[in-house]
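Student: sharing a sequence plus its predicted fold:
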Amino acid sequence: MKLFVVVAVLAACVTAETYFSDDFTDGMDKWTQAGKDGLGSFELTNGKFGDNQGIKTAESARFYDLSAKFASVFDNEGKTLVVQFTVKHEQDIDCGGGYLKVLGEGLDQSDFQGDSDYQIMFGPDICGFTKKIHAIFNYNGKNLLWKKEPRAETDVLTHIYTLVVKADNTYSVLVDGDVKESGNLVDDWEFLEPKTIPDPAKPKPEDWVETKMIADPEDVKPAGYDDAPAQIADPKAEKPEDWDDEDDGEWNAPMIDNPDYKGPWSPKMIDNPEYKGEYVQPDIENPDYNEDSALYLRKPMSFVGLDLWQVKAGTIFDNFLITDDEAAAADARTSIKEFQANEKAEKEGVDKVAADKAVADKAAAAEKEAAEKAEKEAAEKEAAEAADAEEGDDVAAKLDELAGEAEAKDEL
């Protein structure tokens, strides 16, 4: 069952356009692997569950650089941008990327790599304690990290990742159709310099006092305060009876904490009459601030790529969709969710069979162990009885021998 229903939606909505889609019905014809040596390869597969074909990372401890060209250039001025695809970490991933990159025009696909300029990087990234969804935008040559770090899915089933960016500079990230995070680009990425900055011409004065409490100058240490030492000889200790001063040296009682010791003296603290509070540097308008009402706008986009590192291979990518039509993406998710439900049911069935087999194997092993134990005990019992019988025969023979000797002696 293939998952996209984009064509019907586009026919009903003339203004909407899909710039790239691939569910790998026709294999990997749209994709080009970079020309570097040592890159990991992808293979077409349905995976362990379900009948939907995708591409799977096939070699562990490898970099992967694969890209595909859009059907047409995507200029998203005044449009909604939707990036959607599915990821299944079927290998129970421990460390590896599961994200894609959307790239601009002019990419040399044979030289696609981690340093290649991109417009958006989006999707899950899992390694050790890091289990987050990336959403990175390039702005004025800088790759801006998302301030939020929603958790990525880490099971072995298929999950749908969707990024929606609108022309009003708002966005949302969905996982399996549910909104994971949303907001606006200004708040959640550092696109712009701050509107105001601390006035560099007004630093904190040198005589500004921020110490709130001070030692009371009138508080004087009491006479004799330090007379009690921290430790004293234990008054209850007694010299051992076998102690020899000549051999053992002079005996000294062990030291213990002095209950009368008061600790180091310090004067009490009082409010500082010179305290002025925490200094707040006044703000001024930032000369480097430039308002931008089109943060959503990407450079014309022409390629999608997978630029990944995976320690343990086995991630399956599928159902790529880049469009300006949210309805098309929603309809695609509906079809994918049907597959997800079947996949989950199939996995649960396989897991149940495996669990039942494990229970049966455990019961069979216990039965075998019990039988072997019973057989061993029976053998040991039989051996013991045989030994007792043999010992009894030896005793009887010995008694007969002694009786014969006694009879012979009587005859003499």
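Tutor: Now that the structure is in, tell me what you want to look at. Numbering: from 1, shown residues only.

Student: test my guess that residue 57 contacts residue 308.
Tutor: Yes: in terms of C-beta atoms under 8 Å, residue 57 counts as a neighbour of residue 308; the distance is 7.1 Å. Any C-beta I mention is one placed from the backbone N, CA and C, and that applies to glycine too.

Student: identify the contacts common to these two.
Tutor: Taking C-beta atoms under 8 Å, 6 or more residues apart in numbering as the contact definition, residue 57 and residue 308 share the neighbouring residues 64, 96.

Student: now do residue 31, the pLDDT please.
Tutor: At residue 31, the model reports a pLDDT of 97.

Student: let me fix that, I meant to ask about residue 362.
Tutor: Residue 362 carries a pLDDT value of 83.

Student: again, but for the one 3 residues further on
Tutor: pLDDT recorded at residue 365 is 82.

Student: circling back: between residue 57 and residue 308, point out the one with more neighbours.
Tutor: Between residue 57 and residue 308, counted using other C-beta atoms under 10 Å, the more crowded position is residue 57 (28 against 24).

Student: touching, residue 161 and residue 177? I think so.
Tutor: No: counting by C-beta under 8 Å, residue 177 is not a contact partner of residue 161; they are 10.6 Å apart.

Student: pick out whichever of these two has more residues nearby.
Tutor: Remark: of residue 161 and residue 177, residue 161 carries more neighbours, 26 against 14, as counted by other C-beta under 10 Å.

Student: show the pLDDT at the more buried one.
Tutor: At residue 161, the pLDDT value in this model is 98.

Student: same check, this time on the one 3 residues further on
Tutor: In the prediction, the pLDDT value recorded for residue 164 is 98.

Student: contact partners for it?
Tutor: By C-beta under 8 Å, 6+ apart, the contact list for residue 164 reads 80, 81, 82, 171, 172, 173, 174, 326, 329.

Student: which entries within those residues meet the buried criterion?
Tutor: 80, 81, 82, 171, 173, 174, 326, 329 (16 or more other C-beta atoms under 10 Å).

Student: so the third one sits in a helix?
Tutor: No: going by DSSP: H, G, I helix; E, B strand; the rest coil, the assignment for residue 82 is strand, not a helix.

Student: that one against residue 323, yeah?
Tutor: Yes: at 5.0 Å, residue 82 and residue 323 qualify as touching, with contact defined as C-beta under 8 Å.

Student: what do these two both touch?
Tutor: Residues touching both residue 82 and residue 323 (C-beta under 8 Å, 6+ apart): residue 329.

Student: distance of the closest residue to residue 40 other than its chain neighbours from residue 28?
Tutor: Closest residue to residue 40 in three dimensions, ignoring its sequence neighbours and counting by C-beta to C-beta, 6 or more residues apart in numbering: residue 62, at 3.0 Å. Computed with C-beta to C-beta, to the nearest Å, the distance linking residue 62 and residue 28 is 17 Å.

Student: can you point out the buried residues in stretch 339-357?
Tutor: Neighbour-count burial for stretch 339-357, counted by 16+ other C-beta under 10 Å, picks out 339, 340, 343, 347.

Student: give me the contact list for it.
Tutor: When contacts are taken as C-beta under 8 Å, 6+ apart, the neighbours of stretch 339-357 outside the stretch itself are 1, 3, 48, 49, 50, 52, 156, 157, 158, 159, 160, 176.

Student: give the rounded mean pLDDT of it.
Tutor: 76.

Student: in a markdown table: the buried ones among the contacts of residue 164, plus pLDDT.
Tutor: Converted to a markdown table, the buried ones among the contacts of residue 164 look like this (pLDDT from 0 to 100):
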| residue | pLDDT |
| --- | --- |
| 80 | 98 |
| 81 | 98 |
| 82 | 98 |
| 171 | 98 |
| 173 | 98 |
| 174 | 98 |
| 326 | 97 |
| 329 | 97 |
